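*Asks:* Sequence first, then the predicted structure, then my questions.
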Amino acid sequence: MAIRLLSLGIVLVSAVTADAAPALKPLPNKTIPLAGTTWVGNTAEGWEMTIEFVADGTMNVSYKQTRFKTASWKQDGDKIYWEMNNKYCEFNGKLADKTIEGESHNVTGKKWETKLTRVVGDR
(Lines give C-alpha, C1' and ligand atoms only; values in the text may rest on other atoms or scores of the structure.)
Protein backbone atom coordinates (compact mmCIF):
# COMPACT_ATOMS: atom_id res chain seq x y z
CA MET A 1 0.00 0.00 0.00
CA ALA A 2 2.85 2.37 0.84
CA ILE A 3 4.38 1.69 -2.58
CA ARG A 4 1.06 2.50 -4.28
CA LEU A 5 0.77 5.78 -2.36
CA LEU A 6 4.37 6.64 -3.20
CA SER A 7 3.73 5.87 -6.89
CA LEU A 8 0.56 7.99 -6.86
CA GLY A 9 2.48 10.85 -5.23
CA ILE A 10 5.18 10.70 -7.93
CA VAL A 11 2.54 10.76 -10.67
CA LEU A 12 0.81 13.77 -9.09
CA VAL A 13 4.10 15.67 -8.67
CA SER A 14 5.03 14.90 -12.29
CA ALA A 15 1.66 16.20 -13.52
CA VAL A 16 1.99 19.43 -11.51
CA THR A 17 5.57 19.92 -12.74
CA ALA A 18 4.51 19.41 -16.36
CA ASP A 19 1.77 22.04 -16.02
CA ALA A 20 4.26 24.52 -14.56
CA ALA A 21 6.77 24.21 -17.44
CA PRO A 22 7.52 27.53 -19.13
CA ALA A 23 6.00 28.22 -22.53
CA LEU A 24 8.32 27.89 -25.51
CA LYS A 25 9.43 31.15 -27.08
CA PRO A 26 8.44 31.60 -30.74
CA LEU A 27 11.23 31.21 -33.25
CA PRO A 28 12.71 34.51 -34.39
CA ASN A 29 11.47 35.85 -37.73
CA LYS A 30 14.15 35.13 -40.30
CA THR A 31 12.72 37.47 -42.93
CA ILE A 32 15.47 39.40 -44.64
CA PRO A 33 15.25 43.19 -44.85
CA LEU A 34 14.81 44.35 -48.46
CA ALA A 35 16.81 47.57 -48.14
CA GLY A 36 19.91 47.34 -50.32
CA THR A 37 18.74 44.31 -52.32
CA THR A 38 18.09 43.99 -56.05
CA TRP A 39 15.44 41.81 -57.71
CA VAL A 40 14.47 40.87 -61.28
CA GLY A 41 11.17 39.86 -62.84
CA ASN A 42 8.79 40.92 -65.61
CA THR A 43 6.35 43.77 -66.07
CA ALA A 44 2.71 43.08 -67.00
CA GLU A 45 3.78 43.50 -70.63
CA GLY A 46 6.50 40.85 -70.26
CA TRP A 47 9.47 43.23 -70.26
CA GLU A 48 12.38 42.33 -67.99
CA MET A 49 12.33 44.60 -64.94
CA THR A 50 14.91 45.24 -62.20
CA ILE A 51 13.95 46.70 -58.82
CA GLU A 52 16.44 47.99 -56.27
CA PHE A 53 14.99 48.57 -52.79
CA VAL A 54 16.68 51.67 -51.32
CA ALA A 55 16.98 52.08 -47.54
CA ASP A 56 15.07 55.39 -47.55
CA GLY A 57 11.89 53.63 -48.78
CA THR A 58 12.28 54.52 -52.44
CA MET A 59 12.84 52.10 -55.32
CA ASN A 60 14.94 52.29 -58.44
CA VAL A 61 12.99 50.53 -61.20
CA SER A 62 14.45 49.75 -64.63
CA TYR A 63 12.88 48.24 -67.72
CA LYS A 64 13.21 48.80 -71.47
CA GLN A 65 16.56 50.57 -70.85
CA THR A 66 14.83 53.29 -68.82
CA ARG A 67 15.25 53.96 -65.09
CA PHE A 68 12.39 55.26 -62.92
CA LYS A 69 12.65 56.66 -59.40
CA THR A 70 9.04 57.63 -58.70
CA ALA A 71 8.39 54.54 -56.61
CA SER A 72 8.28 53.59 -52.93
CA TRP A 73 8.04 50.44 -50.84
CA LYS A 74 7.20 49.13 -47.35
CA GLN A 75 8.00 45.88 -45.59
CA ASP A 76 6.20 44.35 -42.62
CA GLY A 77 7.87 41.01 -41.92
CA ASP A 78 7.30 38.93 -45.04
CA LYS A 79 4.58 41.27 -46.38
CA ILE A 80 5.73 43.62 -49.14
CA TYR A 81 3.93 46.62 -50.63
CA TRP A 82 5.12 48.99 -53.32
CA GLU A 83 3.70 51.66 -55.54
CA MET A 84 5.03 53.21 -58.74
CA ASN A 85 4.33 56.48 -60.51
CA ASN A 86 2.23 58.03 -57.71
CA LYS A 87 0.18 54.83 -57.23
CA TYR A 88 -0.53 54.30 -60.92
CA CYS A 89 0.65 50.74 -60.24
CA GLU A 90 0.58 49.00 -56.83
CA PHE A 91 1.79 45.62 -55.56
CA ASN A 92 0.91 43.51 -52.49
CA GLY A 93 2.72 40.26 -51.86
CA LYS A 94 5.07 38.18 -49.76
CA LEU A 95 8.76 37.60 -49.48
CA ALA A 96 9.78 33.94 -49.36
CA ASP A 97 13.52 33.23 -49.22
CA LYS A 98 14.76 34.35 -52.66
CA THR A 99 11.44 35.31 -54.28
CA ILE A 100 8.79 37.98 -53.93
CA GLU A 101 5.35 36.96 -55.21
CA GLY A 102 1.97 38.64 -55.23
CA GLU A 103 -0.55 40.64 -57.21
CA SER A 104 -0.06 43.94 -58.98
CA HIS A 105 -2.79 46.22 -60.27
CA ASN A 106 -3.03 49.63 -61.91
CA VAL A 107 -5.55 52.45 -62.07
CA THR A 108 -7.08 51.09 -65.29
CA GLY A 109 -8.24 48.00 -63.36
CA LYS A 110 -5.68 45.63 -64.88
CA LYS A 111 -4.44 42.92 -62.46
CA TRP A 112 -1.52 40.52 -62.88
CA GLU A 113 0.67 38.16 -60.89
CA THR A 114 4.16 39.45 -60.16
CA LYS A 115 7.16 37.31 -59.27
CA LEU A 116 10.66 38.63 -58.62
CA THR A 117 13.87 36.72 -57.95
CA ARG A 118 16.72 38.11 -55.89
CA VAL A 119 19.91 38.99 -57.73
CA VAL A 120 22.73 36.88 -56.29
CA GLY A 121 25.59 38.82 -54.71
CA ASP A 122 23.74 42.12 -54.33
CA ARG A 123 24.97 42.45 -50.73
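*Replies:* That came through, no problem. Since the structure is predicted, the reported quantities are computational estimates derived from the model, not experimental observations. Numbering: from 1, shown residues only.

*Asks:* moving C-terminal of the helix or strand of the chain with the lowest mean pLDDT, what's the next helix or strand?
*Replies:* Lowest on mean pLDDT, DSSP states H and E among the helices and strands of the chain sits helix 2-19, with a mean of 50. Moving toward the C-terminus from helix 2-19, the next helix or strand (DSSP states H and E) is strand 38-42.

*Asks:* quick one: contacts of that following strand?
*Replies:* With Cβ atoms under 8 Å, 6 or more residues apart in numbering as the test, strand 38-42 has contacts from 48-53, 100, 114-119, 122. C-beta here means a position set from N, CA and C on the backbone, and glycine is covered the same way.

*Asks:* mind redoing it with 6 Å?
*Replies:* Residues outside strand 38-42 that contact it (Cβ atoms under 6 Å, 6 or more residues apart in numbering): 49, 50, 51, 52, 115, 116, 117, 118, 119, 122.

*Asks:* Now the spatially most central residue of the chain. Its backbone dihedrals?
*Replies:* For the chain, residue 78 is the residue whose C-alpha lies nearest the centre (Cα atoms, centre = their mean; 1.8 Å). The phi and psi values for residue 78, taken as degrees, to the nearest 10, are phi -90, psi 0.

*Asks:* Much appreciated, bye for now.
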